[in-house]
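> sharing a sequence plus its predicted fold:
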Amino acid sequence: MLNIMRMELAPLFYCLLINIAIRWLVSLNGYSGMGKPPMYGDYEAQRHWMEITSNLPIRSWYANSSDNELSYWGLDYPPLTAYHMSSLGRIARSINSSWTELHRSRGHESIGHKLFMRSSVMATDTLIYIPSVLVYYLDNYGEVHESTWAVALHLLYPGLLLIDHGHFQYNTVSLGLFILAVSLARKQCNILSSVSFVCALCYKQMELYHSFPFFFYFLGRSLRQGFSRGLLSVVLLGSAVSLSFIAIFCPFLSQLDDLYAVVHRIFPVARGIFEDKVSNFWCALDVLIKLKTYDSQLIFFLSSSITFLLCIPSCFHLLFRPTFNRFIISLINCSLTFFLFSFQVHEKSILIPSAAVLLSLNTDPFFASWFLYISTFSMFPLLLKDGLAIPYFVLNTLYIILLSYRCNLFHISTIQTNHFLPNLFPDSMRRAIFLCSLFVANILCILCCFVSPPSRFPYLWPLLISLYSCGHFILFLLYYSAMQFNQQDSNISQFRLTSPKLIKNRRQVAKKEQ
Amino acid sequence: MDRADAFLFAIILSLLKCLFIPAYYSTDMEVHRNWMAITYNLPLNQWYRDETSQWTLDYPPLFAWFELFLAKIAATIDPDIVMLQREAVLKFTAIAFQRISVIISDIIYIYAAYQISNTCVETSTNKESKRSSVVKQHTMFLLFILNSGLILIDHIHFQYNGFLFGILLISLNHMMKNNILQSAVWFSILLNFKHIFLYMAPAYFIYILRNYCLSNSQKPGSSHRLTSFIQNLCKVGGVVVSVFAVSWGPFIYTGQLYNVLERLFPFKRGLSHAYWAPNFWALYNAGDRILIAIYKRYQWPITLTTNNITGSLTGGLVQEHHHIILPIITPRITIFLTLIFMLPCLLMILRQPQRSSKGNFLKCVIYCSFTAYMFGWHVHEKAILMVIVPLTLFIYETSSFHFSWLFFMLSTVGTYSLFPLILTPFEIAIKGLILLSYSLFSYYSLFNIYQSTRCYIQWFMNCMEVIYLLGLIPIFIYTELLHYVLLPSENFEFLPLLLTSVYCSIGISWLWMKLSWNCFGYDLFIYFKKKRV
């Protein structure tokens, strides 16, 4: 016991405890669609999937039938989600059979059930997400003290916390697998990494946002190994990926109709270009041109081709210069492009670019913090609807305070990794812009909470919020693209989340050199 | 410690406390809301007479004024909050307003903790030790403001303890700086907010008597001992009496003195709560239960000393229950016992001027409140905080690490003993996590400080205590989870409470004995040994 407690890991353990406690505190709040019949919300959707998957045979999960009306929260995630829901549904049935009874359990709400659902999210979080984050950071740094801070800041990201433990979803599974894939990729375990990524993709199809950089990164690394070894590793990777796909889709492969039903449910072309108010390009364009009047096939084709075209430069750059840092930046660029321009985007999908940005928190804290703040802000109307306004304000403010304390956001030029930006903006101006941006965001939130909009525009505040954050995201995309193309290959050292003292030391060293 | 650091900690902590707004709250939420309604709607002469709701005003007058102040603000936000009515008002605005008022009033506590941790750990000029003293200040400050018991009681269960402890710390801080008069003023203000702090009053009284009234060393050439005694007594007395006059005057004037006193000291209630506060009487009750079981087993005749047997046999869940085999306890016995046990410590301060240092005063304050907790009549389990919070000051008493170990033990066991207050399923995990992280934090930080002094070898001499602490984990798992699976019948409803109470009271009684040994027992031992020789 003495030795365990003396180890440097104690603060890390302590930080994990605090993180879990904060997650529980958030989960005290309401969830999506609480007490709102007939459709309820995401909480009921997950519960309904447990009901369907634990009662019906696998092949009828995605097919419309009298037992499985697809119009009422039909399953629209890939099979891994369904398996997960199925096992949770079985556990739920063993605790209380009325929670997942076919048909009769619709809209079931009780305190015991809420406890069960919240604990299941907590379990996936602690078993998948937190370990992956630990894996990513603990082998990265020599000092445990530094990585403790990094882990704490990564885990405290309010967006994911509020959506999973407040609004109710299981994003931690796919994002945890994604982070695991990235850290395996850094360790050069390419095959394991690709399997892990396929699992993430088969949990939520939105992980497609990250898929291009993975593909081109592995391809680029293989190409560098010479012809025969490269070919071998490409073949190995390809077979690993296809085998894991086959393993996951196995129950649906016997008949083509089943597979078609799954694919049709996962990629719903008919559902329109975006839902509610999303802070992406199409929603902004919708203010000028009513997109819903156009043929959805046409829009689908248009949006997809724009997305692919915009991804190409970043991907090819990665293909020819596959360094790990560029891989991270490319992940940000592609996922952000997908979020801004692709078809059928939800406001919660911003979590996917955010997951990539979180990985760059240690290399470029200033813009990462800014992005993370705005990303949580862009979901504010959704959170407000679920009664999560107080946790939103608390956590987002706490997060930006911790970041600015730890990373010294306001004195960045000394540790800037990219050299093109300081010429554009002086330090003080950047600080002013940053603070203004946060200030306006908070004003919009307060308006959204307390001021009723003019009766002609009932959705004025959510629209303004999404436009405001959309503008930010487009600028962030420009910034990160510029960063990718300006980054020098030699500059691959990872900067740690830097404490004020370290910065002071660095400054003194720089002065002496002068 | 920097002001900026303290400010940052305060902001982060206050933000985190806001997350507790939707958490479970006890009836105390409605109690305090009703007090706001009483003070806002009724004239002064009705405050202690009103019985519209069952939650009548039973705190001293200054707290009533404080509630009036809150009510004035609340009325501007939502007039429904201060509605005087029989039924509870459980609106979200009422709850959020009260929760936020606790968080804001806690700033006093944070400020006082900042002050006192700066006083306690002096910053030295030596560069090497300066760094370690800053670490010590930070640790003490954090141990104060993160106190898990206070968070459970104030922010989940709901009460306004934070700022009251803040006032206590301000008073102690003045005492440590030798500003005895200011300290007396702050302490009498505190007494007028919540009379439970009377537990500590003997220590204050004796110390002020000894070090202020009876000390003639201040002016070496002063003429008369008696005149200086009377002068100083008048000063202190005047100050204290004037505080009480301001607070109680209006109520005596409106003829409510008797009502106030009746509300403040409800001796009609029983010896123990439904949940036995883990003190000496919990063991006493449990002993009675065990004796009954033995008598029944061997079919010995039980002589009934009371006409009310029904309550006692159902397991102590009724509020008033009577002992059957052991003698019945009356309020007088408890007061007598409390004073008897306080006496040696008080006499020590009084008789031996060289011992009446500030450190000894603090020890005496802690000992007095601990003794009152152990033997008092109708003690609340929350009163353990009155021992834990001042004990935080001793974590750096390098001469005897016993105190820091005592703090670690008592903060863990004492906070655990508060667990039955919070009983909803979501909060079970939260209370466990809060206690676990606080205990680990205190353990870790104390360890960090002491690893250089090599005291930890002696620390772990107390293996039994560590095993005892680890025993809390199975108790927690059983009482919160397994019990409802294994013994769901209503006959065993009392078992988790009984188990928690008895287990904690064993530990707390042991810690009380240890504290008495460290406060005066050892010195008495030496004294008698010398005499014999």
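Thanks, I have the structure now.
> the closest residue to residue B:168 other than its chain neighbours: neighbouring residues, count only.
If the residues on either side of it in the chain are set aside, residue B:168 comes closest to residue B:190, at 5.8 Å by C-beta to C-beta, 6 or more residues apart in numbering or on different chains. From N, CA and C alone the C-beta is placed, and that goes for glycine too. Neighbour count of residue B:190, defined by other C-beta atoms under 10 Å in any protein chain shown: 24.
> would you map the strands across chain B?
Using DSSP state E, no strands are found in chain B.
> quick check: residues of it near chain A?
By C-beta under 8 Å from any C-beta of the partner chain, the residues of chain B that approach chain A are B:8, B:11-12, B:15-16, B:18-23, B:96, B:425-426, B:429-430, B:433-434, B:436-437, B:440-441, B:443-444, B:447, B:451, B:456, B:460, B:466.
> in ChimeraX, select just the buried ones from those residues.
Here is the ChimeraX command that selects the buried residues among those (16 or more other C-beta atoms under 10 Å in any protein chain shown):
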select /B:15,16,18,19,20,21,22,23,96,426,429,430,433,434,436,437,440,441,443,444,447,456
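> give me the phi and psi for residue A:345.
Note on residue A:345: its backbone torsions stand at phi -110, psi 140 [degrees, to the nearest 10].
> quick one: it and residue A:279 touch, right?
No. Counting by C-beta atoms under 8 Å, residue A:345 stays clear of residue A:279, with 9.4 Å between them.
> neighbour-wise, which of the two wins?
The neighbour comparison of residue A:345 against residue A:279 (other C-beta under 10 Å) goes to residue A:279, with 29 against 25.
> how about the more buried one, secondary structure?
Of the three states, residue A:279 takes coil according to DSSP: H, G, I helix; E, B strand; the rest coil.
> so who does the residue nearest to residue B:168 touch?
Contact analysis of residue B:190 by C-beta atoms under 8 Å, 6 or more residues apart in numbering or on different chains lists B:164, B:167, B:168, B:171, B:197.
> quick one: pLDDT of it?
Here, the pLDDT recorded for residue B:190 equals 94.
> the one 10 residues further on now?
Residue B:200 is assigned a predicted lDDT (pLDDT) of 91.
> excluding sequence neighbours, find me the nearest residue to residue B:240.
Closest residue to residue B:240 apart from its sequence neighbours, by C-beta to C-beta, 6+ apart: residue B:188 at 4.7 Å.
> quick one, helices of the stretch 301-450 of chain A?
Applying DSSP state H, counting those that start in this stretch to the stretch 301-450 of chain A gives helices spanning A:324-341, A:351-359, A:365-378, A:380-385, A:389-407, A:421-424, A:427-450.
> and the angle for the longest one with helix A:389-407?
Spelled out, it's helix A:427-450. Here the directions of helix A:427-450 and helix A:389-407 differ by 170 degrees (axes from the mean of the first three to the mean of the last three C-alpha atoms, to 10 degrees).
> check the second one too.
On the basis of the same axes, to 10 degrees, helix A:351-359 is oriented at 30 degrees to helix A:389-407.
> distance from helix A:351-359 to the middle of the chain?
5 Å (C-alpha atoms, centre = their mean, to the nearest Å).
> other SSEs contacting it?
If contacts are counted by 3 or more C-beta pairs under 8 Å, 6 or more residues apart in numbering or on different chains; DSSP states H and E, helix A:351-359 sits against helix A:158-162, helix A:171-186, helix A:324-341, helix A:365-378.
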